[in-house]
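Engineer: Give me a model of this one.
(2 chains)
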Amino acid sequence: MSDASLQREPPDRPWSALAVEWLREHLFSSWTNILLTILSIAFIAAVVPPALDWAVFSAVWSGETREACLGEGKGACWPYIAGRGGQLIYGFYDAVERWRVDIVYVVGAIGIAWLMIPRLPGKLWVGLAMVFAFPLLVYVLLSGGLFGLPIVPSSKWGGLLLTLIISLTGIVVSLPLGILLALGRQSELPVIRWLSIGFIEFVRGVPLIMILFMASNLMPLFLPSGWNPDKLLRALVAISLFSSAYMAEIVRGGLAAIPKGQREAAAALGLGYWRTTLLITMPQALKISLPSIVSSCISLFKDTSLISIMGFFDFLQVIKAGNSDPAWSTPNTAFTGYLFAALVYFAFCFGMSRYSAYLERTVGGGKVGTGKA
Amino acid sequence: MSDTWAIEMERVNKWYGRFHVLKDASLKVAKGERIVICGPSGSGKSTLIRCINHLEEHQSGRILVEGHELTSNLRAIDEVRREVGMVFQQFNLFPHLTVLENCTLAQIWVRKRPKAEAEKTALELLERVRIVEQAKKYPGQLSGGQQQRVAIARALAMDPKIMLFDEPTSALDPEMIGEVLEVMVELAEEGMTMLVVTHEMGFARKVADRVVFMDYGRIVEEAPPAEFFENPKHERTKQFLSQILVGH
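Structural biologist: Predicted coordinates for the structure are as follows:
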């Protein structure tokens, strides 16, 4: 009896009635709402069908040359992407040596998937291998010069490969560095504190593009002559340092949200500064700031396209170069290229965002950041 | 005879800026003694017990805990904290760890016990505070009374010689106060040295060897509970008791 009266929707109502009720509640509840609904529908009707038609229905899906994409009423020229796929993925890496890049892609994908799939065991070891051994493997394989591998200079790396190398390095380096900077900023030792604050404020006050410009053009002037670090290395250092300053402020925000009682309880149990930080405050701070950390990673991923000012051909730059390839010159080439670039960037960023939402739900079990629950 | 005293405080003074929180506070606590500290809010009673494990630093006077003098020397502080467990008003459990992990963390990292041994100790203590069936849950899934009992078990897991309670029932809903006091009474009966800041006068009557009354940073009066409640000497104590015992 009481069960039935608690039920808000009698189960035998037809779904159409429910649908009408939903529409009335959500789309037509007031005059402004009705107006907004109509305007939105008009906008969608005006934009979506032509866009879909261009990108999918009238698009050219097969063909070997640009001739396939020429002609009245044709849409996106997808064979162009397929035709230049090699360069998008490998940059200008020597064609016979591309297997080396393939190994990097496969090992990297397996490693990252291993860390992301909850059921798989040995996360700690895989994680350590990915952070310490994998970059070494990437460096040796891609640069060559060892084990009889021919040298491929970093100026030939490009496309998605370069974008991924730079963004992953940036993410992996900036998180620990940002954590140290955040702790340094709150340190009781004045020298460490002032150095941290100085670094963070300087980097945050300067555009990334200027830091990259300094790394590429000014740094060689300051370094002792004869010592000229690889340009890619300079780009990696610049991006990592830039990102770590932002990471530091994110982590500091997380730390500030931890109630004082947590530190007191840890102190009363005899845990010192490092153990309290490592076991009590930092795990909670990282969990609180996870959404911001992932936002920062997403920005970093997109900001890597700025390294084109150092003369690199990252993913976006390779697309741009391809758009002006005479072999594929059609009215739709450039649009197709940019649409594809947007889809790829979106896929990576959306993936990161979904994964972070998943982590927020599952990591650490308990609700964090409240003194009392 | 310093080895009969668990805690000796001699003319302890503390200031927050220009505000004088503790004024020449002197208190000696014998081993196994149960002290209840009461007084109006802002009287310095929490500050007094927080000085004992150096969560607050005193600026003059001496504090000895189990014969170790508390100085600002980190090693001396560690030495003292090893002997002293503390239970807070807001429980302060670690929300990212399970109940069991809350009770094993410091055993493993500070006492250097093997994990299995730490878990065994923790489960025994959780059994004792009657919450062992919640060991795998996170603090956020427990009621306030349950959390505070876990906090007691967490402190006991370090084998402290002295337990400090800083208003352990003030943040609890009334129906949960009983279950926490019950655990504290049992602990008192087992001979633990306890300093309890509380307004639970029933608890004071039942277990305290001495009741200490503080006002404006001074220890105004200390007496066994019978004497304290029936025959308070100071005007201020009488006034406080008449306010707090209304309705009791």
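Engineer: Next, count neighbours for residue A:298.
Structural biologist: Burial of residue A:298, expressed as a neighbour count using other CB atoms under 10 Å in any protein chain shown, amounts to 20. From N, CA and C alone the C-beta is placed, and that goes for glycine too.
Engineer: May I have the phi/psi pair for the residue nearest to it when sequence neighbours are not counted?
Structural biologist: Counting by CB to CB, 6 or more residues apart in numbering or on different chains, residue A:349 is the residue found nearest to residue A:298 once chain neighbours are left out, at 4.8 Å. The phi/psi pair for residue A:349 (degrees, to the nearest 10) reads phi -70, psi -40.
Engineer: Just list the residues touching residue A:349, thanks.
Structural biologist: Counting by CB atoms under 8 Å, 6 or more residues apart in numbering or on different chains, residue A:349 makes contact with A:298, A:301-302.
Engineer: For it, give its distance to residue A:337.
Structural biologist: As for residue A:349, its distance to residue A:337 is 19 Å (criterion: CB to CB, to the nearest Å).
Engineer: Flag the shaky bits of chain B, pLDDT-wise.
Structural biologist: B:1-3, B:246-248 (pLDDT under 70).
Engineer: And the strands in it, which stretches?
Structural biologist: Secondary structure of chain B (DSSP state E): strands at B:5-16, B:19-30, B:34-38, B:60-65, B:68-69, B:84-87, B:162-166, B:193-197, B:210-215, B:218-223.
Engineer: Give me the contacts around the fifth one.
Structural biologist: Where contact means CB under 8 Å, 6+ apart, the residues beyond strand B:68-69 that reach it are B:62-63, B:76, B:79-80, B:83.
Engineer: got a list of what residue B:181 touches?
Structural biologist: Residue B:181 neighbours (CB under 8 Å, 6+ apart): B:169, B:200, B:202-203.
Engineer: just the buried members of these?
Structural biologist: With neighbours counted using 16 or more other CB atoms under 10 Å in any protein chain shown, the contacts of residue B:181 contain these buried positions: B:169, B:200, B:203.
Engineer: give the contact list for the last one.
Structural biologist: If a contact means CB under 8 Å, 6+ apart, then residue B:203 has B:36, B:181, B:184-185, B:196 as its contacts.
Engineer: Could you pull up the residues touching the spatially closest residue to residue B:50 that is not a sequence neighbour?
Structural biologist: Among residues not flanking residue B:50 along the chain, residue B:56 sits closest, at 4.4 Å (CB to CB, 6+ apart). By CB under 8 Å, 6+ apart, the residues touching residue B:56 are B:14, B:47, B:50.
Engineer: Let's have those residues in a markdown table, adding neighbour count.
Structural biologist: Formatted as a markdown table, the entries for these read as follows, by neighbours: other CB atoms under 10 Å in any protein chain shown:
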| residue | neighbour count |
| --- | --- |
| B:14 | 22 |
| B:47 | 22 |
| B:50 | 21 |
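Engineer: out of those residues, which one sits closest to residue A:115?
Structural biologist: residue B:50 (42.5 Å; CB to CB).
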